[in-house]
Every structure is written in structure tokens, then in C-alpha cells.
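Participant: What follows is a predicted structure for the sequence shown.
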There are 2 protein chains.
Amino acid sequence: MDNRAGYMPISPDMNIPRIEFIGIIGLPEVEPGARLGELIAAACRSQDTPLQAGDVLVVTQKAVSKAEGRLVDLRGVAPSPFARQLAAPSGRDPRVIEVVLRESRAIVRSDPDRGILITETRHGFICANAGVDSSNIPGDEVVSLLPEDPDRSARTIRAEIMDAAGLDLPVIVSDTFGRPWREGQVNFAIGASGISPLRDYRGEADAVGKVMGVTNIAEADEIAAAAELVMGKVIGAPAAVVRGHAYLRGEQGRRALLRDRSMDLFR
Amino acid sequence: MDNRAGYMPISPDMNIPRIEFIGIIGLPEVEPGARLGELIAAACRSQDTPLQAGDVLVVTQKAVSKAEGRLVDLRGVAPSPFARQLAAPSGRDPRVIEVVLRESRAIVRSDPDRGILITETRHGFICANAGVDSSNIPGDEVVSLLPEDPDRSARTIRAEIMDAAGLDLPVIVSDTFGRPWREGQVNFAIGASGISPLRDYRGEADAVGKVMGVTNIAEADEIAAAAELVMGKVIGAPAAVVRGHAYLRGEQGRRALLRDRSMDLFR
């Protein structure tokens, strides 16, 4: 203990906030129809980090999409003239562009020369290629789509974990998106069950007693972001356990995180 | 150990990725001129989580700005006619708008009716109010500015920790920003020293052996995001320790995270 003057004494029952992120490795290759929650609970036991009450689970879109069979064999895709036109300047595969367009409800930005296509997905996410992606998928001619309803995916995994481990744990489905203005990608929450995606401090007092006007923290995105650090593209862990976070319960799902178009200054 | 068929056996020396985020509470109110690195090292000892080799430190902009005296007394600010005009429809304080404009090099979006002013700061960050903020600052007539050079701030804190604890630890300075298209705010990295803000996987093979074309992860932003969970607006912890992350060394600082205007489709 440091008791020099000027340091607030820490009483032994003062809670030090501590949150641990644990990557879940050792899952088998996820096949369509797999019960992901069960695989994750088993993998957690097998790596000596069994799931505990209070844990939050983060699962990558890629694992969810595989379990849900959200894979498209490009050999069965006939690109439209518009897809060919968007693909041509950069030499991208026009069949992938075709799949991206089918998954989108609007093109937000495109730069065909650089092969960039940023769209709004049917769910309302704005991201490159509508989340269509070929990394970490066996087979050269297969791409994955985002889950049809990532909140439902989270609910399903939550129920499977309840069955497999007897614990009701919140689940976040995450995916890796780029951001305007900033280099690099980070993980975002695209679906959630059992956890409030936002923590709204508006109207509460801050640490000096001032009422906060605007602070509404996207905790599900913060959790998804750090989970990436223990999952990673090369580690290949399809899920992570978040231990020690005093989360808020809630069933708002992804809609809480999607800004209404009428309020958005960037569309 | 779960040895059912289908589960990859976990060998005892296979590393389970684990990262812990620890909030640092119990710092005294930070005064201009404070040696923040020293205060943090002492607070870590006093809460029985002394700094260790391999730790990464996240420090909030607010604590840094206080230590660096980046505070403005609004009683000395005379708002320009333009600031008055921007402030009037929403009833915001025109002196705050004046300070925001002084800290900005461009207005990116403004919606005076809703009191929204999104600008590009002199550093190149795009955020609401150029990061000018009154929360967690004692006194009704005082606002804080972003640090003049948050990379330099990170270097200073790193050197102070070296002095106080004999450890060379990377430091990230974080602030809370909103995002286009998504509700809620998250913490971002605005400065860094001793750590590469990005981890570039381009050209490497993913878990199934495919070479990745675009993945470049903004790890500093992911770290800053999760650190918010243990700092929080109400907890009021001005810093967090990140333990167990196999970070990349680097001195690129914030510039690595700022997309060049010519490559940005959203300006």
C-alpha cells in the first residue's frame, strides 16, 4: 500500500474493476448445422476455462455464418451486368460483387477503381462488401454472408449454452469492419442477446457531480473490439469469453446500435 | 479435459490468449503540472495491482489534458459572430462553440438546430466539438481541450513510468467519440507511444491458409475501447492497465490511425 499524502486510500472492499478476455481455441472446424453454443462450452472446458455465471460470450460472424450454412458457392452465381461493371476496373471477381449487391439495400460509397464497395446491408449495417468475405473459409470458390438475423443467432447460441452448461450467458456476435476517417479495422457487435448494447449515462452525475448530457456508451462494440485481440485472424479463435464485466441486461439487440437514417449526418 | 472425438486436443503448452483490463482508481484529482505517469504507478501499487513488464497503459484524454493544463476558462472567451450564429438555434453556450472552432481546422458536419458540430481537429481527428468537453472537470465555467500532441503526451507518461517504476511500458491516450451510422460512443486511441497502433496481416495466411488481402487491425483502438469498460464515466478511473496482450512495438503514433484525406470516401 502506498500511503503518501494525496492518494485516496483504497479500502479493501473498494472494487477494482477488472475484466478478462479469454480466447476460445480448439473448436473443430464449424460445419453447417453445428450447435455452436455446445461446441464453445465444450472447448471452454477442454482448455480449462469453463464458462462461469457472469461471463459474456463473443462469437465471430464467421463461425456463426458457417454453423448457419450462410455460405455461397460462387460457381452457382451469375453476375449481373451492373456487378460486372463495378468489378471490371479493379479486376475483382464479379460473382463476389453480385453476392454483395444481393445482400445490400443501398450502395453508400463505391470506388470501382480501387475495388471498394461500401453498402448498407439488409440489417442496416454499413460496411465494406456487405460483410461478404472469403477469409477463414475452406475452399477457393466459397464466400460467407452475414447471418440473416444476428440477434437471433445470439439467442440461439445463448440457448445452446444454457442446455450445455446450465448457464444463462449474454452472447454478442461480432464482425470486423473498417471505419470512416480512420485506418484499420476493429470488431463491432452485429447481434446481441441478454445484454444491453448501450449504457446510457444521460441524466446521471459524472465523477465530479455534473449531470452528463450526451454520454451513451456502446458497450457491446467495446466488448466486441477487445475480443478481437484474443481471437484474431491468425489465432483463428472463433469466440471469446469476457469475464468480470458488470453488464446491463437487455434484449434490444442490434437495432439499439443502428442510428436512424433521419438522425444520421453521414448518409 | 474434454476428449470427445471432434475436439482438437489442447496441448498443455498451447497458449490460451488471455488479456486483462484493470481500472486504476484512487488517483488524486489531477492538477496542471502533475506527473501523471508517477501518479498512475503509485495508484497501481496502492490498489495491489502494481505495474508489470508487458503491461500496456491506457490514459484518458481528460486526465492528460488536466495534467497538461489544457483547460479554458470560458469567462475569458469572447465568441465570434459565427460562433454565436452556430450556437443560437440550440441554445448552446457560444463561448464553447468559439473554443471548438479555435481547436478545429475544418467543419465536417454541423446541425445547429440539434447543437451538433462535428469538426476535424488540428491533429486530424474527426469528432464532435473537436474533443472540447466539460464532463469530469471541476468548475462550471471550464472546458478541457484535447492534448496539443497526444503522442507526445503518451511519450511523457511513458518516461515518467520508467522513472517511477523502472518499466518501459507502452502508453495509449484515449478519448470517447461517436461514430457515423452507429448509436453510442466508444473510446478511441488519440495518441500512442511504444506500441504499433495497427497490426497488419496483409500478405499473411489466415487460419485456413489463405493469404489475407485487406486485414489491418487497429489494435490501439480495440484496446482503448475495452479500457473504457473499466474506466467509465461514473467509475471515473482515469487510466487502465492492459495485461497479457502480445502487442507490437512501434512509434508511428496517431498518424498511423488517421486516413489520408485523399483515400477517404467520407470527407
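Facilitator: Yep, it's here. Residues are numbered from 1 along each chain as shown, chains lettered A, B, ... in the order given.
Participant: Just want the most central residue of chain A.
Facilitator: Centroid-nearest residue in chain A: residue A:174, 1.1 Å away (criterion: C-alpha atoms, centre = their mean).
Participant: Please list the residues of the stretch 51-200 of chain A that sit near chain B.
Facilitator: A:109, A:111, A:116, A:118, A:126, A:128, A:134-138, A:176, A:179-188, A:197-198 (C-beta under 8 Å from any C-beta of the partner chain). Yep, even glycine has a C-beta here, placed from its N, CA and C like the rest.
Participant: What's the ChimeraX syntax to select whichever of those are buried?
Facilitator: Command for ChimeraX that selects the buried part of these, burial taken from 16 or more other C-beta atoms under 10 Å in any protein chain shown:
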select /A:116,118,126,128,134,135,136,137,176,179,180,181,182,183,184,185,186,187,188,197,198
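Participant: Domains in chain A, by residue range?
Facilitator: A:17-70+A:147-260, A:71-145 (automatic domain parsing).
Participant: deepest of those, which one?
Facilitator: Highest mean neighbour count of the domains of chain A: domain A:17-70+A:147-260, a mean of 21 (counted as mean count of other C-beta atoms under 10 Å in any protein chain shown).
Participant: now it: how far from the chain's centre is it?
Facilitator: 6 Å (C-alpha atoms, centre = their mean, to the nearest Å).
Participant: In JSON lines, list the domains of chain A along with mean pLDDT.
Facilitator: Formatted as JSON lines, these follow (pLDDT from 0 to 100):
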{"stretch": "domain A:17-70+A:147-260", "mean pLDDT": "94"}
{"stretch": "domain A:71-145", "mean pLDDT": "94"}
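Participant: And the strands in the stretch 101-250 of chain A?
Facilitator: Listed in chain order, the strands of the stretch 101-250 of chain A (DSSP state E, counting those that start in this stretch) span A:104-111, A:116-121, A:126-128, A:142-144, A:171-179, A:182-193, A:199-200, A:216-217, A:239-243.
Participant: before we move on, what SS does residue A:21 have?
Facilitator: strand (DSSP: H, G, I helix; E, B strand; the rest coil).
Participant: Can you check what angle separates the longest helix along chain A from strand A:171-179?
Facilitator: The helix that spans the most residues within chain A, counting by DSSP state H, is helix A:150-165. Interaxial angle of helix A:150-165 relative to strand A:171-179 (axes from the mean of the first three to the mean of the last three C-alpha atoms, to 10 degrees): 140 degrees.
Participant: so what does helix A:150-165 touch, helix or strand wise?
Facilitator: Here helix A:150-165 touches helix A:36-46, strand A:56-60, helix A:61-67, strand A:171-179, strand A:182-193, going by 3 or more C-beta pairs under 8 Å, 6 or more residues apart in numbering or on different chains; DSSP states H and E.
Participant: could the domains of chain A be laid out in JSON lines, adding distance to residue B:232?
Facilitator: Shown next, in JSON lines, are those (distance: least, C-beta to C-beta, whole Å):
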{"stretch": "domain A:17-70+A:147-260", "distance to residue B:232": "8"}
{"stretch": "domain A:71-145", "distance to residue B:232": "26"}
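Participant: Would you mind measuring from residue A:60 to residue A:31?
Facilitator: Distance, residue A:60 to residue A:31, by C-beta to C-beta, to the nearest Å: 16 Å.
Participant: what does residue A:17 give?
Facilitator: From residue A:17 to residue A:31 the distance is 39 Å (C-beta to C-beta).
Participant: Next: residue A:64.
Facilitator: For residue A:64, the distance to residue A:31 (C-beta to C-beta) stands at 13 Å.
Participant: Find the residues that touch each one of these two.
Facilitator: Contact criterion C-beta atoms under 8 Å, 6 or more residues apart in numbering or on different chains; residues shared by residue A:64 and residue A:31: none found.
Participant: Helix or strand: which one has residue A:95?
Facilitator: helix A:94-102 (DSSP states H and E).
Participant: Give me the contacts around that helix.
Facilitator: Here helix A:94-102 has contacts from A:72, A:74, A:77-80, A:82-84, A:86-88, A:117, A:119, A:129-130, A:132, A:134, A:143, A:145, using C-beta under 8 Å, 6+ apart.
Participant: quick one: it to chain centroid distance?
Facilitator: 22 Å.
Participant: got it, and stretch A:103-122?
Facilitator: For stretch A:103-122, the distance to the chain centre is 20 Å (C-alpha atoms, centre = their mean).
Participant: So for it, first residue to last residue, what's the gap.
Facilitator: Criterion C-alpha to C-alpha, to the nearest Å; first-to-last residue distance in stretch A:103-122 is 6 Å.
Participant: Stretch A:84-100 too?
Facilitator: 12 Å.
Participant: who touches residue A:251 in this structure?
Facilitator: A:193-194.
Participant: For the nearest residue to residue A:110 once chain neighbours are set aside, give its distance to chain B.
Facilitator: Once flanking residues are discounted, residue A:110 sits nearest to residue A:117: 5.0 Å by C-beta to C-beta, 6 or more residues apart in numbering or on different chains. Distance, residue A:117 to chain B, by C-beta to the nearest C-beta, to the nearest Å: 10 Å.
Participant: quick one: residue A:117 and residue A:128 touch, right?
Facilitator: Yes: taking contacts as C-beta atoms under 8 Å, residue A:117 lies within contact range of residue A:128: 6.8 Å.
Participant: Now residue A:131: closest residue in space, sequence neighbours ignored.
Facilitator: In space, not counting the residues next to it along the chain, residue A:131 is nearest to residue A:146; the distance is 3.9 Å by C-beta to C-beta, 6+ apart.
Participant: Same question for residue A:145.
Facilitator: residue A:70 (4.4 Å).
Participant: contacting residues for that neighbour?
Facilitator: By C-beta under 8 Å, 6+ apart, the contact list for residue A:70 reads A:64, A:144-148.
Participant: And those, which two are furthest apart?
Facilitator: A:144 and A:148 (12.3 Å; C-beta to C-beta).
Participant: any idea how far residue A:220 is from chain B?
Facilitator: Relative to chain B, and taking C-beta to the nearest C-beta, residue A:220 is found at 8 Å.
Participant: For the residue of the stretch 51-200 of chain A found nearest chain B, give me its contacts.
Facilitator: With C-beta to the nearest C-beta as the measure, residue A:184 is the residue of the stretch 51-200 of chain A nearest to chain B, at 3.0 Å. Residue A:184 sits next to A:178, B:197-198, B:216-219, B:221, B:256-257 when contact means C-beta under 8 Å, 6+ apart.
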